[in-house]
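Student: Provided below are the primary sequence and the corresponding predicted coordinates.
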Amino acid sequence: MGLQLESPSRNGGDMSQTEHAKSGVGGEEPADAVALASEDGRIDDHGNPIDASSDIDFDCPHCGHQLVINVRGAGLTVVCTECGEPIQVPIPDGLEIADLDETPEQMFAQIVRLRSALSHADERIVDLEHAVASLMERRTTLERARLASLHRSVEMGNLLHTVLKNQNEITIVVQRIMALLAEEEK
Ligand SMILES: [Zn+2]
């Protein structure tokens, strides 16, 4: 994507180097955007001019790491470069949608990136669909096995019942024979 978090320390002290690093964020920042800074005189909380070339400085609410992102990242959810937690980029007071307007070239580059991401997402969807199909197949197999096992245990229960019933009848017959034998001995 075009927006990327940076740690301010990476930009170094040299001003031209800092501007160069800022231009590098997202890779499509036009060099003349810097020259247009603060044209209309609006400023943020820290007294810095707000426009499309501004960066947003903020601290990660999870780990406190100092972060910098291009103003176009305002309001987006990004991942902290330090702790990896998802964080929402603060929206500077006074920021207007017009500040975020991009040139046709930047929009085209964005569209190309989105198409590429979409194509990767399509591939991922196909992979996931295969995984789902394979899991459903596995579930069907397991359900069949469970049903067969259930049938077996019901059948074993029935057989056991038959055995017990027969055993009862045998006991009654044996008692009868014993009684007859006892009468014979009298
Ligand atoms: Zn963090």
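Tutor: Noted; the coordinates are in hand.
Student: and after the lowest-mean-pLDDT helix or strand in the chain, which helix or strand comes next?
Tutor: Sorting the helices and strands of the chain by mean pLDDT, DSSP states H and E puts helix 32-35 at the bottom, at a mean of 36. Next in sequence after helix 32-35, counting helices and strands by DSSP states H and E, comes strand 55-59.
Student: list the buried residues in that next one.
Tutor: Residues Asp55, Ile56, Phe58 are the ones in strand 55-59 that count as buried (16 or more other Cβ atoms under 10 Å). (Glycine included, C-beta is placed from N, CA and C.)
Student: between those, which sits nearest the ion?
Tutor: Ranked by distance to the ion (Cβ to the ion), those are led by Phe58 at 10.7 Å.
Student: partners of that closest one in the sheet?
Tutor: Under DSSP bridges, the beta-bridge partners of Phe58 are Leu67.
Student: isn't it up against Pro92?
Tutor: No - with contact defined as Cβ atoms under 8 Å, Phe58 does not reach Pro92; the gap is 9.4 Å.
Student: averaged pLDDT, stretch 54-65. What do you get?
Tutor: In this model, stretch 54-65 has a mean pLDDT of 91.
Student: I meant to write stretch 169-181 there.
Tutor: 95.
Student: residue ranges with poor pLDDT in the protein?
Tutor: By pLDDT under 70, the weakly predicted segments of the chain are 1-4, 7-53, 97-101.
Student: which bits of it sit near the ion?
Tutor: By Cβ under 5 Å from the ion, the residues of the chain that approach the ion are Cys60, His62, Cys63, His65, Cys80, Glu82, Cys83.
Student: neighbours of the fifth one, how many?
Tutor: When neighbours are defined as other Cβ atoms under 10 Å, Cys80 has 18 of them.
Student: show me the contacts for it.
Tutor: Leu5, Cys60, His62, Cys63, His65, Leu67, Pro86, Ile87 (Cβ atoms under 8 Å, 6 or more residues apart in numbering).
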